[in-house]
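Enquirer: Quick one, fold the following:
(one chain, ligands or ions: 1)
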Amino acid sequence: MNVPRNQPTYDADEILDGIRDWVTTESPTVHIEGVNRMMDKAEAAMTRLGASIERLPGIDGYGDIVIGRIDGRQPGPGVLVLGHLDTVHMVGTLDDELPFRRDGDRVYGPGIYDMKGGMFTAYYALRQLLRAGETPELPVSFMFVSDEEVGSPSNRVRIEAVAKQHKYVLVPEPAKGETGMLVTGRYAFLRFIVRVCGKPAHAGAQLTRGRSAIAEMAQQILAIEAMTDRERGITYSVGVVEGGTFVNVVPIACSAQVLCVAPFAEAMDEIRANMAALSPINPECTVDVEAGPVRPLFEPSEETLALYAEAEKIAGEIGFVPGHGSFGGGSDGNFTGALGIPTLDGLGLMGDGAHTHEEHVLYSSLVPRAKLLTGLFRTLT
Ligand SMILES: [Zn+2]
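Expert: Residues are numbered from 1 along each chain as shown. A predicted model of the protein is given here:
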């Protein structure tokens, strides 16, 4: 076949080979060696593109982050591709509940949809452009984050500082729904740790003297989750509980991690007030609430919507209309969108089942999404 010169070429199997290499390197946020192995791969990939590399050592017990920069035709500020290489899947998931496998159009694996698949596809999109002898219009930087799945506590400041040096932020987090919708806004996320203290006693001999922190927490959890207001889109959920030492000891300590979602600014204040007001149901127990990392509200600005319009035009030429919207799942795009930097999120692959053992991407989305990203690198000015 006669391929015209200077046209980037795309091969779905080639993209999938690269994705397989990344997905089969397990990298749960808490597994520093795994996350850093992923950072080695990202660094090597960006180096092969001729990028200048900055690798920042991990802080607070998290993995490193890697930033790779490529020059554009014009000087900066340029385009930042922002994404994470940590996943929620523990080491061993790959050999057990979620092996890498293809079943028709679906390709399964830990973190394939959220978001190693998207991050690799974005890299491939830039690589094919460069291999065709083209230079992106603006400089393009890739920032690979190590702790997104726990709220990016150690990297928020770094992300914000790097994003401020750029004109646009593209986030290849999972595309939404059946049309592969892009994300032009995200709800705020607030995390809390609730700690309950009880009163000690031997659970066999002197049970009535003790006050169980677990029993108190059980009631607190029901009270916390009952504050969910589906009509206004405000949710409270407890995802992690820890408590007790031995079965024959009345548990004196129990902690719970709470994730709250706020679709609008006033809901954030309401959630903070409600969580601060938690009080013991059994007056002989104590309840303490600590606020954790917050993902600020990312509201669709005019500039972000203009960025979407540009993407829609490119997608139309490829042959699809993604659509867009605001969604509940948080990402590092919350930080940059909240700063007012035009941010287009959800640019990753189509699929479903993020954070579950059904996590998969659609093979048929690999090439169209790569082309969309190349189009953005080519045209954003
Ligand atoms: Zn993600």
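
Enquirer: Can you name the residues that contact residue 22?
Expert: Residue 22 makes contact with 38, 41, 85, 116, 119, 120 under the criterion Cβ atoms under 8 Å, 6 or more residues apart in numbering. (Each C-beta comes from the backbone N, C-alpha and C, glycine too.)

Enquirer: swap the cut-off to 7 Å and go again
Expert: Listed by Cβ atoms under 7 Å, 6 or more residues apart in numbering, the contact set of residue 22 reads 38, 41, 116, 120.

Enquirer: got it, and residue 76?
Expert: So, once contact is read as Cβ under 7 Å, 6+ apart, residue 76 ends up touching 138, 139.

Enquirer: before we move on, what about residue 56?
Expert: Contacts of residue 56 were listed using Cβ under 7 Å, 6+ apart, and they are 64, 65, 158.

Enquirer: If we use 6 Å, what do you get?
Expert: Applying Cβ atoms under 6 Å, 6 or more residues apart in numbering, we find residue 56 in contact with residue 65.

Enquirer: Please apply the same query to residue 225.
Expert: Residues residue 236 are the ones in contact with residue 225 under the rule Cβ under 6 Å, 6+ apart.

Enquirer: returning to that earlier point: among the contacts of residue 22, which one has the most neighbours?
Expert: The most crowded member of these is residue 116, carrying 33 neighbours; neighbours defined as other Cβ atoms under 10 Å.

Enquirer: ok, now how distant is that residue from residue 29?
Expert: As defined by Cβ to Cβ, to the nearest Å, residue 116 lies at a distance of 13 Å from residue 29.

Enquirer: Now do the SS call for residue 329.
Expert: Under DSSP: H, G, I helix; E, B strand; the rest coil, the three-state class of residue 329 is coil.

Enquirer: Next one: it relative to the ion, how far apart?
Expert: Distance of residue 329 to the ion, given as Cβ to the ion, to the nearest Å: 8 Å.

Enquirer: biggest separation within the contacts of residue 22, which pair?
Expert: The two members of the contacts of residue 22 with the most space between them (Cβ to Cβ) are 38 and 120, at 10.7 Å.

Enquirer: What parts of the stretch 101-250 of the chain come near the ion?
Expert: With Cβ under 5 Å from the ion as the criterion, the stretch 101-250 of the chain comes near the ion at residues 114, 115, 173.

Enquirer: For the first one, the count of nearby residues, please.
Expert: Other residues lying near residue 114 total 27 when counted by other Cβ under 10 Å.
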